[in-house]
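> return a 3D structure for these sequence lines:
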Amino acid sequence: MNILYLKYAVEVAKTRSISKAAENLYMGQPNLSRAIRDLEESLGLTIFVRSPQGVKTTPEGEEFLSYAKNILRQIDEVEAVYTQGKKHRKTFSVSVPRSSYISHAFSEFAARLDESAPLDLFYKETNAQRAIRNILDGGYNLGIIRFQTGYEQYFDALLREKELNSELISEFPYLLLMSCEHPLAQREKILRADLSVYTEIAHADPYVPSLSMATVRKEELSETTDRRIFVFERASQFDLLSKVRGTFMWVSPIPGALLDRYRLVQRRCEDNDRLYRDLLIYKKTYRLSELDKDFITEVVKAKRLYIE
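Numbers count the residues shown, from 1 in each chain. Predicted structure coming up:
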């Protein structure tokens, strides 16, 4: 694959225009169009869709561009290390579940970094499947994956096959998250059946091994309600919980400051018997950096504060 083609694709995505990208790259528009077409044909995917309003990136294209940007970033880092007079740029990358105790740990970690040193941090919230893929193919060094304990055997085998180290971070039952004004918020005892008339806020990309999405929803999502809103982004989930009456969400333990900010409460569900595990993963050939170790330390601290 021609590295220049990666730069071309990233520039087209940035400008959303073949002509503007060609101008920025100091090349002719026909030559750029031909290069993008050759790249798409060699990969067997459509990266961009042309329209009268400009160039749009396809979902497959978004995934490809994330890899392309990582590759170009690593090339820049190599050049910087071996170019006289330039400081070495440190990098840190991790793929994690959408989890408030982990995002709290990342914030604490980032707040303690040297503000004068060149640095790139990459923090990606996604499901277990994509976290593993990001480490294998996407240039990420660390991952944290979450799964029901019933799937431990599957993930153990998968991680061995992919030659990934794994370390247990935490194990916990999910809690119910809801507005402090939710009808169940002050109830002394909550059962799963009590949720049947309410709306569940759920992640839009759950991952359960080797199952169809229909089966995933049955296995992973609440069985007691047929009303759901699927959302990718955690802040939007919290906004919905605080503003839409009668919504709830299954979550790992949430820091108190976040609960106060959105006027939420977390409650136990008495008959919830599902346990989840968070595992730290990384390649067996990878040596943890000092930044990695500092982040892991903060995650362990957050786990002790909010889960133990």
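
> any idea how the protein splits into domains?
3-81, 90-170+277-306, 175-273 (automatic domain parsing).

> where among those is average confidence lowest?
Among the domains of the chain, domain 175-273 carries the lowest mean pLDDT, at a mean of 83.

> which non-adjacent residue is nearest residue 238?
residue 262 (4.5 Å; C-beta to C-beta, 6 or more residues apart in numbering). Every residue, glycine included, has its C-beta placed from N, CA and C.

> right, and that neighbour touches residue 240 too?
No. At 9.9 Å, residue 262 does not count as touching residue 240 under the criterion of C-beta atoms under 8 Å.

> in TSV, list the domains of the chain along with mean neighbour count.
TSV is the format used below for the domains of the chain (neighbours: other C-beta atoms under 10 Å):
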stretch	mean neighbour count
domain 3-81	15
domain 90-170+277-306	17
domain 175-273	16
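
> and the helix or strand where residue 202 lies, what other elements does it pack with?
Assigned by DSSP states H and E, residue 202 falls within strand 199-203. Judged by 3 or more C-beta pairs under 8 Å, 6 or more residues apart in numbering; DSSP states H and E, strand 199-203 is in contact with strand 228-231, helix 234-243, strand 247-251.

> now for the ones you listed, which one comes closest to residue 67?
Set against residue 67 and scored by C-beta to C-beta, these come closest in helix 234-243, at 24.2 Å.

> give me the helices and strands touching the closest one, please.
If you count contacts as 3+ C-beta pairs under 8 Å, 6+ apart, helix 234-243 packs onto strand 175-179, strand 199-203, strand 228-231, strand 247-251, helix 256-262, strand 264-267.

> the second one pairs with which strands?
In the sheet, strand 199-203 lines up against strand 228-231 (parallel), strand 247-251 (parallel) (DSSP bridges).

> can you redo those strands as JSON lines with distance to residue 140?
Shown next, in JSON lines, are those (distance: least, C-beta to C-beta, whole Å):
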{"stretch": "strand 228-231", "distance to residue 140": "23"}
{"stretch": "strand 247-251", "distance to residue 140": "24"}
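
> including distance to residue 109, could the helices and strands packed on strand 199-203 go into TSV?
Listed next are the helices and strands packed on strand 199-203 as TSV, based on distance: least, C-beta to C-beta, whole Å:
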stretch	distance to residue 109
strand 228-231	26
helix 234-243	18
strand 247-251	21
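
> so which of these is nearest residue 131?
Closest of the helices and strands packed on strand 199-203 to residue 131 is helix 234-243, at 15.6 Å (criterion: C-beta to C-beta).

> okay, the angle between the closest one and strand 199-203?
Counting by axes from the mean of the first three to the mean of the last three C-alpha atoms, to 10 degrees, helix 234-243 lies at 170 degrees to strand 199-203.
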